[in-house]
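**Student:** Need coordinates for the below:
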Amino acid sequence: MKALTIRHADMDDLPACHTIEANCFPPAEAAWASSLRNRIELYPDGFLVAELEGKVVAQVNAGATDKDDITDEDFKQLIGHDPEGRHLVIFSLSVHPNFQKRGIARKLLTNFIEHARDMGKSAIKLLCKEPLMAFYARFGFTDDGLSSSTHGGVAWHAMTLDLQD
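**Tutor:** Numbering: from 1, shown residues only. Sure, this is the predicted structure:
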């Protein structure tokens, strides 16, 4: 694979990030362009993209909080977001379908975890569907059980990666 660049997102990346989101999630689950814009503007430290040959092909975006319960739908709009919060909460990790199965998600998540450690965060939290639990477990995330979230009308598992090692 050609050189993959991982960097912070900027507003020029919004169209590509929205396209990736729309191609990776059903409409009821995908973030709106306005949500992605908020995340880039309000918390660029929590928004990384992977670029291949000058094209954004993947993204990971998050907010920060001190709360342990991450099921609040408003939080996805960064309502209640605290940049100094000890937890990063991943909203989306997605790779455009044309670029999947190349290790890009692995590299992006590994970079994001190191970034979270560098920021002094104590944990990374996320909600995912059952088929993705094994992927996150490979990075040390543990299953916190079925979440009360009903986002998109589906079941979500809460997972946590403790960074206090």
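
**Student:** Return stretch 107-115 as PDB; C-alpha atoms alone will do.
**Tutor:** Extracted in PDB, the C-alpha atoms of stretch 107-115 (Å, rounded to 0.1, in the frame of the first residue of the first chain):
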ATOM      1  CA  LYS A 107      -3.500   2.100  11.500                       C
ATOM      2  CA  LEU A 108      -6.000   4.900  12.100                       C
ATOM      3  CA  LEU A 109      -7.200   3.500  15.400                       C
ATOM      4  CA  THR A 110      -3.600   2.700  16.600                       C
ATOM      5  CA  ASN A 111      -2.700   6.300  15.800                       C
ATOM      6  CA  PHE A 112      -5.800   7.600  17.600                       C
ATOM      7  CA  ILE A 113      -5.000   5.500  20.700                       C
ATOM      8  CA  GLU A 114      -1.500   7.000  20.800                       C
ATOM      9  CA  HIS A 115      -2.900  10.400  20.300                       C
END
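
**Student:** which other residues reach that stretch?
**Tutor:** 4, 6, 45, 48, 50, 58-60, 62, 90, 93, 95, 124, 139, 161, 163 (CB atoms under 8 Å, 6 or more residues apart in numbering). All C-beta spots, glycine's among them, are computed from the backbone N, C-alpha and C.

**Student:** tell me how far the least confident helix or strand in the chain by mean pLDDT is from the chain's mean position?
**Tutor:** Counting by mean pLDDT, DSSP states H and E, the weakest-scoring helix or strand in the chain turns out to be strand 142-146, with a mean of 86. In terms of CA atoms, centre = their mean, to the nearest Å, the centre of strand 142-146 is set 17 Å apart from its chain centre.

**Student:** Brilliant, that's me finished.
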